[in-house]
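Participant: Compute the structure for the input listed below.
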Amino acid sequence: MLRLRPYKNTDAQTIITWCKDEVAFRKWTSDRYEHFPITAEEMNRKYIDCNGDCEEPDNFYPVTAFDESGVIGHMIMRYRNPEKTKIRFGFVIVDDAKRGMGYGKEMLQLALKYAFELLKAERVSLGVFENNMPAYYCYKAAGFKDVVLDKPIIIPICGEQWGIKELAMERKDYEAAKLK
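Facilitator: Numbers count the residues shown, from 1 in each chain. Coordinates of the predicted model:
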């Protein structure tokens, strides 16, 4: 049974091993780190010492997914507005040896339950690179819907221009899915 708990600094040593090359690393972290690979200390510095690069205090919530076998996944949550009704998921990753087995979907569904039921969010959103279709399909399977953007979001990664797909789930859609 998969469960979520707050991130511990000891998790970093496991999580950083899941990206075997820079492209996989950038699909996970975007441009948030200056170089690849990173050390556990660098991950912890960003998360613990730098509040995940969030300027607002109490706005960065890293979580770890685990079961009886150990750490399986990781992601972060942060508020998108001062009223704390919109939450953004990010840094979503699953152990590369366990991808395609439903762990990502299960982790996201647990995080959605937490966001909507405990944090009382009205909306949860996330972004995914257009070249990361396995993650995109995982997010869709978890119930996220595509968001139509006014203009494309494209950022330079690894010497290329990577487009971002935006996805979201509204409270009403979460509640409707629970009733099924």
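
Participant: what about residue 23, how many neighbours?
Facilitator: Other residues lying near residue 23 total 17 when counted by other C-beta atoms under 10 Å. Every residue, glycine included, has its C-beta placed from N, CA and C.

Participant: where's it relative to residue 93, distance?
Facilitator: With the distance defined as C-beta to C-beta, to the nearest Å, residue 23 ends up 14 Å from residue 93.

Participant: try residue 33
Facilitator: According to C-beta to C-beta, residue 33 and residue 93 sit 13 Å apart.

Participant: out of those two, which sits in the busier spot?
Facilitator: residue 93 (23 against 15).

Participant: what's in contact with the host helix or strand of that one?
Facilitator: In this structure, residue 93 is located in strand 86-94 according to DSSP states H and E. Residues from elsewhere that reach strand 86-94 (C-beta atoms under 8 Å, 6 or more residues apart in numbering): 15, 18-19, 28-29, 62, 65, 72-80, 103-104, 107-108, 111, 115, 119, 121-127, 135.

Participant: Buried subset of these, written for PyMOL?
Facilitator: Provided next is the PyMOL selection string for whichever of those are buried by 16 or more other C-beta atoms under 10 Å:
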select buried, resi 15+18+19+28+29+62+65+72+73+74+75+76+77+78+79+103+104+107+108+111+115+121+122+123+124+125+126+127+135
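
Participant: Just the ones in helices from the contacts of strand 86-94, please.
Facilitator: Assigned to helices by DSSP state H, the following of the contacts of strand 86-94 qualify: 15, 28-29, 103-104, 107-108, 111, 135.

Participant: With distance to residue 156 as extra columns, can I get these in a markdown table?
Facilitator: Rendered in a markdown table, the data for the ones in helices among the contacts of strand 86-94 read as follows (distance: C-beta to C-beta, whole Å):
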| residue | distance to residue 156 |
| --- | --- |
| 15 | 25 |
| 28 | 17 |
| 29 | 14 |
| 103 | 31 |
| 104 | 26 |
| 107 | 29 |
| 108 | 28 |
| 111 | 29 |
| 135 | 20 |
